[in-house]
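Enquirer: Output the structure for:
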Amino acid sequence: MNIIELYNINNNIDVRTNLISLKDKLSKELSLTDLKQDINYNTEIFAKLLFDEDSKVRKNAALIIGMIDEPGLVKNLYESYEKENTLFVRSAYLKSLRKYDFSAYKDSLTERLNNLKKAEYEQSELKHIAEELQELKTMVGIKGEREAVSFRNPKEPVLIFLTCKKEMADILAEQVKEMTGLVTKKVFCGVALKTADIGKVSCIRTYKEKDSNYDVIHIGEVIDKIKEKLSTAHITFLKTDDVVIFFNENKKDRTKYLRVLLVSIVVLMGSIMGIMNFHADVNMIHSQSTMVNALTKNPKKYLPYFQIPYSIGIGVGVALFFNKFIPTYAKNEPSPLDLKMKSLNKEIENELRNTK
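Expert: Numbering: from 1, shown residues only. Here you go, the predicted structure:
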């Protein structure tokens, strides 16, 4: 098998592009057996490219080494990683290195991880440092770290402010009273209350102005709340989806009709161009002229009498398809557009549930 990318890489022809192409082939259809049987296959060339002056060449060469199962290149990978000064390349070395036995370098990698944690970085460097940190944590066996925080209730009642959106202050006050029995006072940023048992109010949800315009209540929370009130209740859910709550601002939409007008114009123009291009592609004028000629023997005179109802029929057909032509029928059955909108809304809600 003759792999053109290997030939070009060996002959220093557009090395970066060919490395990327070879990497894509290895991840899709090219097997390691075919790769290693190629006459141009040479591990030394990949080891050499780890020190190329082009940072993207170094990165792709490192990633390919992780895909070709060559333990003899582990030392080259680690030495290149230690000497690498370009931040976005460093994580590529680690991704490939962790596919081999790197136990000989584990202490050095742990030391590198600790040094990265202590150092300070500029904003532009944070993304690549985070990628390197994640790889190092995976390699040295450190999972997601969380610092333990202890909290003790005060001996005397203290003043607490629960901040929220202005329109939700009354609801928040009712919720505090129902859950704790405490009296609250409405303030500019939410509600205020005094208590020595902060744990009672710490679990109450609040929504600030800067918060998102939706929230997700997980089904487990619903079960917990029901069990608190009715410990012996048997709960069966007809739908096990988490609940998505949207907060609508009570603001008048002053640009609604303007946006509808602009979208309608764009859609109308797009539809017109689509229909015109379709008719031009299939040579509709010739087909219609042939039909009219067969019926009347005078297509020039009678062709408009055929095209006018044909054009009206297109509009009527679209209206019938979207179930908006017969009002009483449209009320009883959703149109294809309604179904598509419901499907889209469901996908949006599922994505919100997964990201919250």
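Enquirer: Going by C-alpha atoms from here, please, whenever you check contacts or count neighbours.
Expert: Noted.
Enquirer: Show the contacting residues for Glu135.
Expert: Glu135 is in contact with 91, 94-95, counting by Cα atoms under 8 Å, 6 or more residues apart in numbering.
Enquirer: Point me to the helix or strand that includes it.
Expert: helix 126-140 (DSSP states H and E).
Enquirer: Now do the helices in the stretch 151-300 of the chain.
Expert: 169-180, 199-202, 219-229, 256-281, 284-296, 299-321 (DSSP state H, counting those that start in this stretch).
Enquirer: Could you say whether Ile39 sits in a helix, a strand or coil?
Expert: Assigned with DSSP: H, G, I helix; E, B strand; the rest coil, Ile39 falls in the coil class.
Enquirer: dump the residue contacts of it.
Expert: Listed by Cα under 8 Å, 6+ apart, the contact set of Ile39 reads Asn2.
Enquirer: And it, what's its pLDDT?
Expert: Here, the pLDDT recorded for Ile39 equals 87.
Enquirer: From Glu5, how far out is it?
Expert: 12 Å (Cα to Cα, to the nearest Å).
Enquirer: Likewise for Leu295?
Expert: Distance from Leu295 to Glu5, by Cα to Cα: 64 Å.
Enquirer: Any idea how many residues pack against the closest residue to Phe51 other than its chain neighbours?
Expert: Of all residues not flanking Phe51 in the chain, Arg58 sits nearest, at 6.5 Å (Cα to Cα, 6 or more residues apart in numbering). A count of nearby residues for Arg58, using other Cα atoms under 10 Å, gives 26.
Enquirer: So Arg58 sits against Leu50, correct?
Expert: Yes. Here Arg58 reaches Leu50: they are 4.6 Å apart, a contact under Cα atoms under 8 Å.
Enquirer: Quick check: which ranges of the stretch 51-200 of the chain have low pLDDT?
Expert: 123, 142-155 (pLDDT under 70).
Enquirer: now the strands for it?
Expert: Ranges of strands in the stretch 51-200 of the chain, per DSSP state E, counting those that start in this stretch, are 158-163, 185-187, 190-195.
Enquirer: Single out the most deeply packed of those strands.
Expert: strand 190-195 (a mean of 19; mean count of other Cα atoms under 10 Å).
Enquirer: which residues sit against it?
Expert: 156-166, 168-169, 172-173, 182-186.
Enquirer: who has more neighbours, Leu295 and Glu5?
Expert: Higher neighbour count among Leu295 and Glu5: Glu5, with 21 against 11, using other Cα under 10 Å.
Enquirer: separation between that one and Lys28?
Expert: 15 Å.
Enquirer: No further questions, thank you.
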